[in-house]
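Enquirer: sequence first, then the predicted structure:
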Amino acid sequence: MEADKARRGFLTGSWLHKEGRQQLVQPQSPLGPEPPKIARHINRALCKSCGGRCLSVCETGVIRLYPEGHSLAGAPWLDFSVAPCIFCGKCADACPQIELLSVDEERVVIGVAEISHTRCLSYTSVFCISCQSSCGYQAIQRDRLSRPQIRPDACTGCGACVSICPVQAISVHCDRGGSERG
């Protein structure tokens, strides 16, 4: 096999052969948080055989499945660029892995939103209240310079602020570690 002598080939290790350069490496990090009412109750490995029942019942259409080739292939995740999660619980009802689920938690939490100060319009002296007006939990307040601040104690990580942000400056961080861009 002929070696790919391009710099990218060398850096990715595919310089060893041309076929290696042609293989696309799927990202293996989480693409978004898991649906909140099923996250702690499912075996992700079994999701592949389900066919995405949670996808078909999601009212807002925010649930996606990891693609083939990803280490979490077939498992559900929330794409907040589309819409927020409304915590309806229909995904849990449709999940064949969950027989009797009693989610009697007073407050279901996906994670906590975080605002990128380098991207947010309000941090560049542009008046924008999109995220604050979209938050039904009053988890976003303004500081004295009218810049948004997240109140972690009030934030559910529903993604309403993520989907409405005109510059995609907001992400949801989950307790399983890492940033979850929606």
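Expert: Okay, I see it.

Enquirer: list the contacts for residue 65?
Expert: 47, 52, 55, 73, 74, 75, 76, 77 (Cβ atoms under 8 Å, 6 or more residues apart in numbering). All C-beta spots, glycine's among them, are computed from the backbone N, C-alpha and C.

Enquirer: report the central residue of this structure.
Expert: residue 32 (2.1 Å; Cα atoms, centre = their mean).

Enquirer: what strand or helix carries the closest residue in space to that residue that isn't next to it in sequence?
Expert: Leaving aside its sequence neighbours, residue 32 sits nearest to residue 77 (Cβ to Cβ, 6 or more residues apart in numbering; 4.1 Å). Per DSSP states H and E: residue 77 is located in strand 76-78.

Enquirer: following element in sequence after that strand, please.
Expert: Following strand 76-78 in sequence, per DSSP H and E, is helix 90-94.

Enquirer: list of residues touching whatever helix or strand comes next after that following helix?
Expert: Using DSSP H and E, the next helix or strand after helix 90-94 towards the C-terminus is strand 112-115. Contact with strand 112-115 is made by 131, 139-140, 148-150, 152, 155, 157, 159, 161-162, 169-173, 179, as judged by Cβ under 8 Å, 6+ apart.

Enquirer: let's see it at 7 Å
Expert: 148, 150, 152, 155, 157, 161, 162, 169, 170, 171, 172, 173 (Cβ atoms under 7 Å, 6 or more residues apart in numbering).

Enquirer: got a pLDDT number for the second one?
Expert: Think residue 150. Residue 150 is assigned a predicted lDDT (pLDDT) of 97.
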